[in-house]
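> Fold the following for me, if possible:
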Amino acid sequence: MAWLVLILAGLAEVVWAYSMKQSAGFTRLWPSVVTLAVSALSFVLLAWAMRALPLGTAYMVWTGIGAIGAFVVGIVVLGEAVNATRLLAAALIVSGLVLMKLSSGPA
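Okay, the predicted model is just below:
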């Protein structure tokens, strides 16, 4: 259950990162409200997951999901550039997440 909550926390991080971009530096009301609300949700879910998962594992997976998710949203939704170096960097992050999960055992 802790892993599912952690994944939801990471997905919420992607949502607040995207809404922060849409807020234009917190100058647009509704994207700003979404950013603040979903970031609070993400933190609460992360804290809940940390009750059962090690700090380093939980934090790395949470930030990794956010980083990869924001990377994908940037490319797919916002039309950001994609090149071999950026793809390699993303692959290394995903590899690190998989290794961290495999090394942490069940929770």
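> quick one: residue 40 from residue 60, how far?
Computed as Cβ to Cβ, to the nearest Å, the residue 40 to residue 60 distance reads 21 Å. (Glycine included, C-beta is placed from N, CA and C.)
> quick one: contacts for the residue nearest to the spatial centre of the chain?
Nearest to the mean C-alpha position of the chain, by Cα atoms, centre = their mean, lies residue 66 at 1.6 Å. Contact criterion Cβ atoms under 8 Å, 6 or more residues apart in numbering gives 10, 13, 14, 17 as the residues in contact with residue 66.
> Find the nearest non-adjacent residue to the third one, please.
In this case it means residue 14. residue 69 (3.2 Å; Cβ to Cβ, 6 or more residues apart in numbering).
> helix or strand right after the helix or strand harbouring that neighbour?
Using DSSP states H and E, residue 69 sits in helix 55-76. The helix or strand immediately downstream of helix 55-76 is helix 84-104, counting by DSSP H and E.
> For that next one, list every residue counted as buried.
The neighbour-count check on helix 84-104 (16 or more other Cβ atoms under 10 Å) flags 90, 93, 97, 100, 101, 104 as buried.
> need those in CSV with pLDDT, can you?
CSV is the format used below for the buried residues of helix 84-104 (pLDDT from 0 to 100):
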residue, pLDDT
90, 93
93, 91
97, 85
100, 80
101, 77
104, 69
